[in-house]
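Novice: All I have is the shape, not the residue letters:
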């Protein structure tokens, strides 16, 4: 409900109240005689930290100098609430003759969820962010977590495509990382035809023995391009191919896209550039923190001999064997961490493993007396 009445000075006031976390409910003027149109001479905004006053005014849809009735403030407040950028929106106004001054009292939402613009392949990232900020002020690659903010972003992204004459429809999904528990807002362009289909994947900087294995792992020609998929492929499968071969410092650059090139490629060609670095073999292992098991015992469990490839996956398997041995000795809380030091002159990698043994269980203390 929207209360109406008079303040102690006899001035009319109208207040809109935001209920729940992200919605504005029931802002409507009480039925009364039509009020004369007034000139909007000022808008004040309280409660802002992230946004500027001019940004909030733009989102409200109001402009200084326009003529309106006081009840139009309810529609402006509803527009602010509908963005999902504010957890609360209230408003009040004062009149002085034919002039009206409006005040919005707002509480801003927290921007905590990363935004993935998954396949907006036509627009460079910096340009896309800059243009999106015209409709979503302060956009920085994150957004609030509520449904209204998601809808607002989707509408603005659709307007962006429409302004550029780009065929496609913006759709939203939420991504949940099972390993970390992190969430992401993912926006995808659908119904774009072959424009977003991968027509070629090329590798730059990869040595000939590895190119074939990389190509087999990235067999995505014919599927829809997805930034999220390719970034996961680079961090995971493709990087592990290099790690298993001893290229412990191999790094991939972000995917580079080309539309309709080379000739005959109807869709998007993806180029993946890698800096392979040196191929390292293991030199030695340094242990610290171990008392219940000797370094020689730990080396046998790790099973990583000199001159072998220093494969992080093999190291993790060895550390799992170390943990099992500690558990059998009555140290269920044992844990390990490791770091690698590189000698580029010898192409050797020295592994330092820190053991945290934890406390020994009581039953096993009696057993090993």
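Specialist: That came in fine, so what should we check first? Given the structure is predicted, the values throughout are model-derived calculations rather than measurements. Numbering: from 1, shown residues only.
Novice: Sort out which residues of the helix or strand containing residue 209 are buried, please.
Specialist: Assigned by DSSP states H and E, residue 209 falls within helix 208-217. If you call a residue buried by 16 or more other CB atoms under 10 Å, then helix 208-217 has these buried ones: 210, 213-214. The C-beta positions use only the backbone N, C-alpha and C, and glycine is treated the same way.
Novice: Over to stretch 156-174?
Specialist: 156-158, 160-161, 168, 170.
Novice: Can you pull the domain assignment for the chain?
Specialist: The record's domain parsing of the chain by automatic domain parsing lists 4-108, 113-191, 194-275, 281-367.
Novice: now the second one: mean pLDDT?
Specialist: Domain 113-191 shows a mean pLDDT of 95.
Novice: Then stretch 327-341?
Specialist: 93.
Novice: when you give positions from now on, start the count at 840
Specialist: Yep, numbering from 840; the last one is stretch 1166-1180 now.
Novice: Please give the centre-to-centre distance between it and its chain.
Specialist: 33 Å (CA atoms, centre = their mean, to the nearest Å).
Novice: tell me which residues in stretch 1099-1110 are buried?
Specialist: Quick answer for stretch 1099-1110 (16+ other CB under 10 Å): 1104, 1106-1109.
Novice: leaving aside the residues next to it on the chain, what's closest to residue 1069?
Specialist: Of all residues not flanking residue 1069 in the chain, residue 1094 sits nearest, at 4.9 Å (CB to CB, 6 or more residues apart in numbering).
Novice: Could you check how far the one you found is from residue 964?
Specialist: 11 Å (CB to CB, to the nearest Å).
Novice: hang on, residue 896 in a helix?
Specialist: Yes - counting by DSSP: H, G, I helix; E, B strand; the rest coil, residue 896 is part of a helix.
Novice: Let me know whether it touches residue 884 as I believe.
Specialist: Yes - at 7.2 Å, residue 896 and residue 884 qualify as touching, with contact defined as CB atoms under 8 Å.
Novice: any weak-confidence spans in the stretch 1040-1189 of the chain?
Specialist: For the stretch 1040-1189 of the chain, the stretches flagged by pLDDT under 70 are 1144-1149.
Novice: those strands in it, which residues are they?
Specialist: Taking DSSP state E, counting those that start in this stretch as the criterion, the stretch 1040-1189 of the chain carries its strands at 1090-1091, 1095-1098, 1107-1114, 1120-1127, 1174-1182, 1187-1195.
Novice: ok, the first one: who's next to it in the sheet?
Specialist: It refers to strand 1090-1091. Strand pairing for strand 1090-1091, determined by DSSP bridges: strand 1107-1114 (antiparallel).
Novice: on that earlier part again, which other helices and strands does the helix holding residue 1048 contact?
Specialist: Secondary-structure packing of helix 1047-1056 (3 or more CB pairs under 8 Å, 6 or more residues apart in numbering; DSSP states H and E): strand 1037-1043, helix 1078-1083.
Novice: Pull out the buried positions in the last one.
Specialist: Going back to what we said before, that points to helix 1078-1083. Neighbour count says helix 1078-1083 has 1078, 1080-1082 buried, by 16+ other CB under 10 Å.
Novice: For that helix, name the packing helices and strands.
Specialist: helix 1047-1056, helix 1151-1167.
Novice: Now render these as JSON lines, adding distance to residue 908.
Specialist: Formatted as JSON lines, those follow (distance: least, CB to CB, whole Å):
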{"stretch": "helix 1047-1056", "distance to residue 908": "64"}
{"stretch": "helix 1151-1167", "distance to residue 908": "68"}
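Novice: how about residue 1088, what does it touch?
Specialist: 1116-1117, 1181 (CB atoms under 8 Å, 6 or more residues apart in numbering).
Novice: now the strands for the stretch 890-1039 of the chain?
Specialist: 906-907, 925-935, 938-947, 952-956, 981-982, 1008-1015, 1022-1029, 1037-1043.
Novice: Show me what the fifth one pairs with in its sheet, parallel or antiparallel.
Specialist: Strand 981-982 sits in its sheet next to strand 952-956 (antiparallel), going by DSSP bridges.
Novice: The partner strand: which residues count as buried?
Specialist: In strand 952-956, counting by 16+ other CB under 10 Å, buried: 952, 954-956.
Novice: Understood, closing this out.
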